[in-house]
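Undergrad: how would this look folded up:
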Amino acid sequence: QVQLVESGGGSVQGGASLRLSCAASGRTVRNYNLGWFRQAPGKEREFVGVIDWNGATTYYSDSVKGRFTISRDNAKNTVSLQMDSLRPEDTAVYYCAAARLWRPTTEQQYAFWGQGTQVTVSS
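TA: The predicted model follows:
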């Protein structure tokens, strides 16, 4: 079992930065690739990006590539999502999730999920 708890959400103006964190716990969390998804009101959950189990490789959706950066600290069992140049269309609930296989970009590939944290970007 892997437990995930997100934090760091909030309300910001367009162009600002925000950093989300996800605290992971569980005996085997270091074996998992950790990803971020988001869900805007009235829309389906959308893949944002993922980092592999040892932090060597990342993969991002086109909508956030170049603006968002994922990192992880296995010593602290945390994964972070640094979001720069935020836009109103980035407004969503952001979820952290864990998957065993690479390269997981769909919800079905993830076994464990956090509860989400709200990010609101105003224009």
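Undergrad: Now residue 27: phi and psi?
TA: Backbone torsions of residue 27, given as degrees, to the nearest 10, read phi -60, psi -30.
Undergrad: Look up how far residue 75 lies from it.
TA: Distance of residue 27 to residue 75, computed by Cβ to Cβ, to the nearest Å: 15 Å. (Each C-beta comes from the backbone N, C-alpha and C, glycine too.)
Undergrad: ok, now residue 117?
TA: According to Cβ to Cβ, residue 117 and residue 75 sit 23 Å apart.
Undergrad: So what does the spatially most central residue of the chain have for phi and psi?
TA: The centre of the chain sits closest to residue 36, judged by Cα atoms, centre = their mean, with a distance of 2.4 Å. Here is the backbone geometry of residue 36 (degrees, to the nearest 10): phi -120, psi 140.
Undergrad: Quick check: bridge partners of it?
TA: Taking DSSP bridges as the rule, residue 36 bridges to residue 49, residue 96.
Undergrad: any idea how far it lies from residue 86?
TA: For residue 36, the distance to residue 86 - Cβ to Cβ - is 14 Å.
Undergrad: Isn't residue 121 up against residue 13?
TA: Yes. Using Cβ atoms under 8 Å, residue 121 is in contact with residue 13, at 7.3 Å.
Undergrad: Just the endpoints, please. Distance across stretch 40-51?
TA: Taking Cα to Cα, to the nearest Å, stretch 40-51 runs 22 Å from one end to the other.
Undergrad: Go through it and flag the buried ones.
TA: Taking 16 or more other Cβ atoms under 10 Å as the neighbour-count basis, stretch 40-51 is seen to contain the buried residues 45, 47, 48, 49, 50, 51.
Undergrad: Repeat that for stretch 8-15.
TA: Those buried within stretch 8-15 under the rule 16+ other Cβ under 10 Å are 9, 12.
Undergrad: what residues does it touch?
TA: For stretch 8-15, the external contacting residues (Cβ atoms under 8 Å, 6 or more residues apart in numbering) are 18-21, 85-88, 94, 117-123.
Undergrad: Dump it to PDB, keeping only the CA atoms.
TA: Listed next in PDB are the C-alpha coordinates belonging to stretch 8-15 (Å, rounded to 0.1, in the frame of the first residue of the first chain):
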ATOM      1  CA  GLY A   8       0.600  23.500  -1.400                       C
ATOM      2  CA  GLY A   9      -2.400  24.500  -3.400                       C
ATOM      3  CA  GLY A  10      -3.800  28.000  -3.400                       C
ATOM      4  CA  SER A  11      -5.000  31.000  -5.400                       C
ATOM      5  CA  VAL A  12      -2.600  33.000  -7.500                       C
ATOM      6  CA  GLN A  13      -2.600  35.500 -10.300                       C
ATOM      7  CA  GLY A  14      -1.700  34.600 -13.800                       C
ATOM      8  CA  GLY A  15       2.000  34.500 -14.400                       C
END
